[in-house]
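Colleague: model this:
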Amino acid sequence: MNIDSSASTAEFDRFMQANADVVELETFIVDVNGHALGKRIPIAQGRRTFESGISFSACAPILDCQGRGHDPAGIGGSDGDPDGTALPLADNLCRVPWAKAPTAQVMCEMRRFDTRAPLWFDPRVILQRVISECAAQGIRAVVACELEFYLVDRGRTEQGKLKLAANSRTRAAPRRPMNLSLECLEDSADFLSQVVTAAKAQSIPLAGSVAEYGLGQYEVNLRHVPDPLLAADHAVLLKRLVRGIARTNGIDATFMAKPFLDQPGSGLHVHISLIDEEGGSRFSAPGGDELLQEAVAGMQVLMFDSIALFAPNFNSHRRFMGPFVPTAATWGYNNRTVAMRIPAAGGPDLRIEHRVAGADASPHLVVAAILAGVLHGITNRLRPSAPTYGCAQGGQDPVFPAGLLNALERMERSDVLSQYIPKPYIEAYAQLKRGEYHALCAQMSPRELDFYA
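Modeller: Next comes the predicted model:
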């Protein structure tokens, strides 16, 4: 699948011949939060969009979680907030199964309006840069993402908190956690079946779903693909799809990292392996264990420097207080308590599972940081710490950057991370996230009155 180039009008024409009932087209780019931002237009304007793109604010890739700009690096404020041109990406046009009216969607890449050059602060561009550096060193990655989420009611509690959604079987909210329970999957079978059907319609390669530790929490897995950019795109599209299907069922889905203080958080786990030019596994080939350990060592070096990317907002850091969420740069074989887990698989399935990021993080930036670690470890022939056996939940590493502001400061000081993710982007990202943090703190909460009034 060629998603790096712009789509052609021929692709649009073929789609419309097979989908003549479509009346609207949703065009969107992916922002720094992994959200889809864009425009819905009449399908009559679709062909022109595939010819020349569609215009909207060029700062869209670097807005905060509420769609606000904080003028990071002068983008979206000091520059006069110019328009960019969103160009449809090839092989992305598909139907939106959850839309009320017959609707199509296409992912786009935001470009400069004048030169059509890619924007340097686009998360997809940041990831593609790291992928290119890996390719120059003969490093080809196969990647898959796993996403956890909660199904929640549309309404809130009297205290303004989230509450769990009633499932389709019992018509009531779940009362007890049942990790890996098939009964829980049956309780939400209607929803999960719709997710599977919609994913097929959008060519999103689902690999399965499980009931997770939390009440009303699920995990959906994606299949491995030999293109890290495509794998990150799949994660973004899956989040959009899950939310859309939830809305059609009268509920919501949240990928918030820690929506309930007394329940486990939701993670974005990334599985990664390396292949040779013929597609064979390098980890399982002769010398593969040494290569795997070099990759792990690089991930260890960059883990703390990348926490601001893995946990991008105030709530994200609450997740690190929960079980099975690593706060030390540990690794091990068949051990879910470590940060970098080597699953119980051999041969072509031998891989590393990176378990640090929250479900609210940008899949593109998360994968970029992980690949940066792989590249750093292999090119410098690094050696990891000793693998951990047994429970690694012995407490937070003393140098773990607890809290968003500490994580942003650590990221900005990292000479290693800035070798792979450009320093100007790191600085712009930090400015944006500090602006979002201060906007959050600008409003007084009832809890604040309880403490200080």
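
Colleague: tell me the spatial nearest neighbour of C94, not counting adjacent residues.
Modeller: Ranked by C-beta to C-beta, 6 or more residues apart in numbering and with sequence neighbours excluded, the top spatial neighbour of C94 is Q202, at 4.7 Å. (Glycine included, C-beta is placed from N, CA and C.)

Colleague: do the same with E186
Modeller: R169 (6.4 Å).

Colleague: would you confirm that the one you found belongs to a strand?
Modeller: No - under DSSP: H, G, I helix; E, B strand; the rest coil, R169 sits outside any strand and is assigned coil.

Colleague: pretty sure it contacts D187?
Modeller: Yes - when contacts are counted by C-beta atoms under 8 Å, R169 is listed as touching D187 (4.5 Å).

Colleague: so the two - more neighbours on which side?
Modeller: The neighbour count for R169 versus D187, taken as other C-beta atoms under 10 Å, is higher for D187 (21 against 13).

Colleague: from T197, how far off is the more buried one?
Modeller: Going from D187 to T197 by C-beta to C-beta, to the nearest Å gives 18 Å.

Colleague: the strands in the stretch 101-250 of the chain, which residues?
Modeller: Using DSSP state E, counting those that start in this stretch, the strands of the stretch 101-250 of the chain run over 103-112, 140-156, 162-164, 206-211, 217-222.

Colleague: include mean pLDDT, distance to G288 and mean neighbour count when you put those strands into a markdown table, please.
Modeller: Converted to a markdown table, the strands of the stretch 101-250 of the chain look like this (pLDDT from 0 to 100; distance: least, C-beta to C-beta, whole Å; neighbours: other C-beta atoms under 10 Å):
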| stretch | mean pLDDT | distance to G288 | mean neighbour count |
| --- | --- | --- | --- |
| strand 103-112 | 97 | 35 | 23 |
| strand 140-156 | 96 | 14 | 20 |
| strand 162-164 | 94 | 44 | 18 |
| strand 206-211 | 90 | 23 | 16 |
| strand 217-222 | 95 | 24 | 22 |
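
Colleague: next structured bit after the longest helix anywhere in the chain?
Modeller: Using DSSP state H, we find that the single longest helix of the chain is helix 228-248. Counting by DSSP states H and E, the next helix or strand C-terminal to helix 228-248 is strand 252-254.

Colleague: that following strand packs against which elements?
Modeller: strand 140-156, helix 228-248 (3 or more C-beta pairs under 8 Å, 6 or more residues apart in numbering; DSSP states H and E).

Colleague: re earlier: got the angle for the longest helix of the chain vs strand 103-112?
Modeller: Orientation check (axes from the mean of the first three to the mean of the last three C-alpha atoms, to 10 degrees): helix 228-248 against strand 103-112 gives 140 degrees.

Colleague: make residue 1 into 264 and carry on from there
Modeller: Sure, I'll start counting at 264 from here, so that last one is helix 491-511.

Colleague: go through helix 491-511 and flag the buried ones.
Modeller: Of all the residues in helix 491-511, those buried under the rule 16 or more other C-beta atoms under 10 Å are 491-509.

Colleague: what's the answer for stretch 345-363, then?
Modeller: Quick answer for stretch 345-363 (16+ other C-beta under 10 Å): 347-362.

Colleague: that one - what's its average pLDDT?
Modeller: Stretch 345-363 shows an average pLDDT of 96 in the prediction.

Colleague: check the offset of the longest helix of the chain from the chain's centre.
Modeller: Centre-to-centre, helix 491-511 and its host chain are 9 Å apart (C-alpha atoms, centre = their mean, to the nearest Å).

Colleague: and it, C-alpha only, in PDB?
Modeller: Below are the C-alpha coordinates for helix 491-511, written out as PDB (Å, rounded to 0.1, in the frame of the first residue of the first chain):
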ATOM      1  CA  PRO A 491       5.800   1.600  10.500                       C
ATOM      2  CA  LEU A 492       4.100   4.700   9.000                       C
ATOM      3  CA  LEU A 493       1.200   2.500   7.900                       C
ATOM      4  CA  ALA A 494       1.000   0.800  11.300                       C
ATOM      5  CA  ALA A 495       0.700   4.200  13.000                       C
ATOM      6  CA  ASP A 496      -2.000   5.300  10.500                       C
ATOM      7  CA  HIS A 497      -3.900   2.100  11.300                       C
ATOM      8  CA  ALA A 498      -3.800   3.000  15.000                       C
ATOM      9  CA  VAL A 499      -5.200   6.400  14.300                       C
ATOM     10  CA  LEU A 500      -7.900   5.100  12.000                       C
ATOM     11  CA  LEU A 501      -8.900   2.400  14.500                       C
ATOM     12  CA  LYS A 502      -9.400   5.000  17.300                       C
ATOM     13  CA  ARG A 503     -11.600   7.000  15.000                       C
ATOM     14  CA  LEU A 504     -13.500   3.900  14.000                       C
ATOM     15  CA  VAL A 505     -14.100   2.700  17.600                       C
ATOM     16  CA  ARG A 506     -15.400   6.100  18.600                       C
ATOM     17  CA  GLY A 507     -17.700   6.300  15.600                       C
ATOM     18  CA  ILE A 508     -19.200   2.800  16.200                       C
ATOM     19  CA  ALA A 509     -19.700   3.700  19.900                       C
ATOM     20  CA  ARG A 510     -21.600   6.800  19.000                       C
ATOM     21  CA  THR A 511     -24.000   4.800  16.700                       C
END
